[in-house]
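J.: Fold the following, please.
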Amino acid sequence: MMSFLRTGHLDDCPTPNAPCICEAPLYLAVGTLALFSGLVQWAVGYYASMAVASDALHALFDASMDFLGFFTVIMARRMGNSDVIEKVGIKVLVAVFAIGAVAVGMHAVERLTEGTYRVVPFAIVAVCVLATAIHALRWKMLARAKHHLGLNPRLIAIIAHAKYDMFHSGLIAIIGGFALLGTMLPFDQELYAQALKWMDFGLLFILTLYMLYTAKKIWFGHGHDYHGHDHHH
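T.: This is a model prediction of the structure:
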């Protein structure tokens with residue numbers, strides 16, 4: 001197992017003497033890592049930062065797309081063609097993703113109006129550093145797997161979105177770090193706490209627009225460079 005995490009390559013794979021069998025297990029592994037990251041971010045972000053909750057939604061969507069890649073590879077081996085399954089699966093996941101992004105944004109507005117919006121900088125930094133490390137592991141596994149899976153358009157797309165996940169979480173971790181620094185400086189902390197809420201909400205707003213834009217691109221078949229696994233269209 002540890003060898004697979006380091007290389008993205010199963011020990012019993014027959015390559016290079018026979019076709020590689022690692023693609024489906026690889027997508028399952030990186031999808032599981034993305035799922036874990038998303039769930040942890042959601043659990044922390046729901047109470048500490050709605051921007052982190054939004055990032056969690058992104059990670060959960062990517063996990064679902066990785067699992068879809070796993071499923072379609074398995075079905076392609078059994079049926080010979082899984083294009084229809086993949087097309088329908090992408091549409092369903094994108095629709096759920098877009099609805100989720102809007103729901104998170106609406107809940108954030110509700111918290112603001114009710115005065116229950118919370119921002120905990122230390123929690124933001126801790127969970128986003130963890131998420132960045134997980135996505136870096138996913139990227140490393142996928143990039144190394146490319147050497148024995150060859151020029152696989154689906155794999156290249158998943159590598160790209162793992163890389164962007166890492167940068168995305170890393171950016172929020174850096175912003176959280178600056179926010180945490182502010183709690184240690186001689187500011188009016190009550191006023192600073194109010195400013196943090198609006199900063200977090202502003203970041204959430206930007207992330208929501210970005211996710212809706214991404215969902216639109218994928219829905220119309222233009223987003224496969226970063227998130228799609230459908231390399232036949």
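
J.: Now do the residue located most distally from the centre of the chain against Y192, distance only.
T.: Centroid-distance maximum for the chain: P186 at 36.0 Å, with C-alpha atoms, centre = their mean. When distance is defined by C-beta to C-beta, to the nearest Å, P186 is 10 Å away from Y192. Any C-beta I mention is one placed from the backbone N, CA and C, and that applies to glycine too.

J.: cool, and E110?
T.: In terms of C-beta to C-beta, E110 sits 23 Å off from Y192.

J.: Equivalent analysis for H107, please.
T.: 24 Å.

J.: centroid residue for this protein?
T.: Most central in the chain (C-alpha atoms, centre = their mean) works out to A59, at 2.4 Å.

J.: name the element that one belongs to?
T.: Element membership for A59 (DSSP states H and E) is helix 50-79.

J.: Kindly list the single helix or strand of this protein that scores lowest on mean pLDDT.
T.: Taking mean pLDDT, DSSP states H and E as the measure, the chain has helix 2-7 as its least confident helix or strand, at a mean of 71.

J.: Quick one: distance of the helix or strand following that one to the chain centre.
T.: Next along the chain after helix 2-7, taking DSSP H and E as the criterion, comes helix 23-48. Centroid displacement of helix 23-48 relative to its chain, using C-alpha atoms, centre = their mean, to the nearest Å, is 7 Å.

J.: tell me the angle helix 23-48 makes with helix 50-79.
T.: 160 degrees (axes from the mean of the first three to the mean of the last three C-alpha atoms, to 10 degrees).

J.: List the buried residues in helix 23-48.
T.: In terms of neighbour count (16 or more other C-beta atoms under 10 Å), helix 23-48 has its buried residues at 23-31, 33-35, 37-38, 40-42, 44-45, 48.

J.: Check which helices and strands that helix sits against.
T.: When contacts are defined as 3 or more C-beta pairs under 8 Å, 6 or more residues apart in numbering; DSSP states H and E, helix 23-48 packs onto helix 2-7, helix 50-79, helix 121-149, helix 153-182.

J.: tell me the average confidence for it?
T.: Here helix 23-48 scores 94 as its mean pLDDT.

J.: can you check stretch 77-89 too?
T.: Rounded mean pLDDT across stretch 77-89 is 80.

J.: Same question for stretch 132-148.
T.: Mean pLDDT, stretch 132-148: 88.

J.: Give me the buried positions along the helix holding A59.
T.: 50-73, 75-76.

J.: Go through stretch 84-101 and flag the buried ones.
T.: E86, G89, I90, L93, V94, F97, A98, G100, A101.

J.: swap in stretch 124-140?
T.: 124-132, 134-140.

J.: same question, stretch 106-121
T.: Across stretch 106-121, burial judged by 16+ other C-beta under 10 Å covers A108, Y117, V119, V120, P121.

J.: distance between the ends of it?
T.: The straight-line separation of the ends of stretch 106-121 (C-alpha to C-alpha, to the nearest Å) is 22 Å.

J.: Name the residues that touch it?
T.: Defining contact as C-beta atoms under 8 Å, 6 or more residues apart in numbering, one finds that stretch 106-121 is touched by 47-50, 176-177, 179-180, 182-183, 193, 196-197, 199-201, 204.
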